[in-house]
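[1] Got a predicted model here, sequence first, then my questions.
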Amino acid sequence: MVDHLTPEARSENMSRVRNRGTGPELRVRRALHRAGFRFRLHRRDIPGTPDLYLPKYKLAVFVHGCFWHGHEGCRRAKLPATRQEFWREKIERNKARDRGVEAALSDLGIVPVILWECGLKDEGAIVDIISRHAHRASADDDRTE
């Protein structure tokens with residue numbers, strides 16, 4: 001498939017892609033708030049600046065775009081037809097950074113939770129994933145006391 005935009009127009013489009021307040025992130029925020037979870041947004045004092053942080057459970061929630069973070073096996077993670085080497089390297093750097101952030105969070109006793117854009121259609125599924133992690137975190141706290 002040939003790109004119908006000029007390189008300059010494509011660059012302009014890509015520069016407008018936001019990393020905060022995205023549709024998928026807002027969907028997660030609404031679902032968790034309705035379910036009674038309370039969280040903080042974009043805590044810069046936590047490695048990776050998670051999209052949401054649930055202090056009660058020490059959960060750092062990241063809402064990953066399938067394309068930008070290279071979601072394995074997802075149709076949304078397909079590389080563009082042009083400049084494939086550039087995009088492959090960029091996405092590999094993102095994945096390496098994500099692994100480093102997850103390790104740093106684990107060292108601090110914070111549980112990283114990754115929610116993929118393609119799995120956010122069902123509000124109940126979002127709440128189930130967070131509930132499972134919160135339950136595990138609560139159980140771990142009970143064992144250490």
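    Looks like it came in fine.

[2] Where do the strands of the protein begin and end?
    Remark: strands assigned in the chain by DSSP state E are 40-41, 52-54, 59-64, 111-116.

[3] Any chance of the ones you listed in a markdown table with mean neighbour count and mean pLDDT as columns?
    C-beta coordinates here come from the backbone N, C-alpha and C atoms, glycine included. Below are those laid out as a markdown table (neighbours: other C-beta atoms under 10 Å; pLDDT from 0 to 100):
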| stretch | mean neighbour count | mean pLDDT |
| --- | --- | --- |
| strand 40-41 | 12 | 96 |
| strand 52-54 | 22 | 97 |
| strand 59-64 | 23 | 96 |
| strand 111-116 | 19 | 97 |
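
[4] With respect to R136, which of those lies nearest?
    strand 111-116 (7.6 Å; C-beta to C-beta).

[5] From the contact counts, what lies against the closest one?
    The contact analysis (3 or more C-beta pairs under 8 Å, 6 or more residues apart in numbering; DSSP states H and E) places strand 111-116 against strand 59-64, helix 84-107, helix 123-144.

[6] re the thing from before, between the strands of the chain, which one is nearest to S11?
    Closest among the strands of the chain, using C-beta to C-beta: strand 59-64, at 23.0 Å.

[7] re earlier: a markdown table for the strands of the chain, including distance to H33?
    Conversion of the strands of the chain to a markdown table gives the following (distance: least, C-beta to C-beta, whole Å):
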| stretch | distance to H33 |
| --- | --- |
| strand 40-41 | 11 |
| strand 52-54 | 10 |
| strand 59-64 | 13 |
| strand 111-116 | 15 |
